[in-house]
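J.: just coords:
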């Protein structure tokens, strides 16, 4: 994978998939060197993501919390699950979050491929 944007999105998806990655495992999964992985982590940090790093043989990376809420990536199954949950909440007129759920549904619908919808 040579395109930095594609790699950054793949890295973000992997970091969201599990709480901790050893650096060498993450680099192998992406098919890059440790140096390229560090650059890609830096790129995510520049975009506003909090990526925690640990040094040493047991070191690795995890997606941190806090800061501004950056864009979120979901795989197809996650998108379906979120859509179903939001649909249920939007249909509950008594919920104080029904309007927000409806707005989120419109946002997801705008970017969801037709075959998944």
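T.: Ah, there it is. Please read all numbers here as calculations on a predicted model, not as lab measurements.

J.: Would you double-check that residue 52 falls in a strand?
T.: Yes - counting by DSSP: H, G, I helix; E, B strand; the rest coil, residue 52 is located in a strand.

J.: Show me where this protein has its strands.
T.: For the chain, applying DSSP state E gives strands covering 21-22, 51-53, 60-63.

J.: Which among those is found nearest to residue 100?
T.: strand 60-63 (23.6 Å; CB to CB). Quick note: C-beta positions are derived from backbone N, CA and C, even for glycine.

J.: Any chance of the backbone angles for residue 54?
T.: For residue 54, the backbone dihedrals are phi -120, psi 140 (criterion: degrees, to the nearest 10).

J.: give me the number of residues near it?
T.: Using other CB atoms under 10 Å, residue 54 is surrounded by 12 other residues.

J.: Contacts only, for it.
T.: When contacts are counted by CB atoms under 8 Å, 6 or more residues apart in numbering, residue 54 touches 60-61.

J.: Most tightly packed of the strands of the chain?
T.: Using mean count of other CB atoms under 10 Å, the stretch among these with the largest mean neighbour count is strand 60-63, at a mean of 18.
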